[in-house]
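**Student:** Predicted structure and sequence below. I'll ask about it afterward.
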Amino acid sequence: MAASIDRTLLRVSEAAESMGMSRSALYAAIKRGEVPVIRLGRTTRIPTAWLRRWVEERVAAWEQATIGKGAQL
C-alpha cells in the first residue's frame with residue numbers, strides 16, 4: 001500500500017515504503033534517535049513534515065560533505 005503524501009501522520013511501514021527502505025531499518029533509525037516520531041499509546045507515527053525535513057537534512061549533510069571533499073582536492 002503506497003503512502004499518501006496528503007496524510008499528516010504515517011505509520012512506520014508507510015514511511016519506510018515511501019523512502020524505499022525496510023521497515024526494520026527505519027525502526028532501527030528511530031531507536032537510535034535519528035528519526036523524530038510521535039508515540040500515540042502503543043503506536044508510532046511519523047509526521048510527513050518531519051519526515052521531509054529529516055530527509056532534506058540528510059541530503060544537505062551529504063551535499064556539504066561531498067562539496068567539502070571536492071573543494072579540498
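**Tutor:** The structure has been received and is ready for your questions.
**Student:** now whatever helix or strand residue 63 lives in: how far from the chain's centre is it?
**Tutor:** Using DSSP states H and E, residue 63 maps to helix 48-72. Relative to its parent chain, helix 48-72 has a centroid offset of 12 Å by Cα atoms, centre = their mean, to the nearest Å.
**Student:** Same check on stretch 39-58?
**Tutor:** With Cα atoms, centre = their mean, you get 6 Å for stretch 39-58.
**Student:** repeat for stretch 38-58
**Tutor:** Per Cα atoms, centre = their mean, the centroid offset for stretch 38-58 relative to its chain is 7 Å.
**Student:** contacts for the helix holding residue 63?
**Tutor:** Residues from elsewhere that reach helix 48-72, judged by Cβ atoms under 8 Å, 6 or more residues apart in numbering: 5, 7, 8, 9, 10, 15, 18, 19, 34, 35, 36, 37. Quick note: C-beta positions are derived from backbone N, CA and C, even for glycine.
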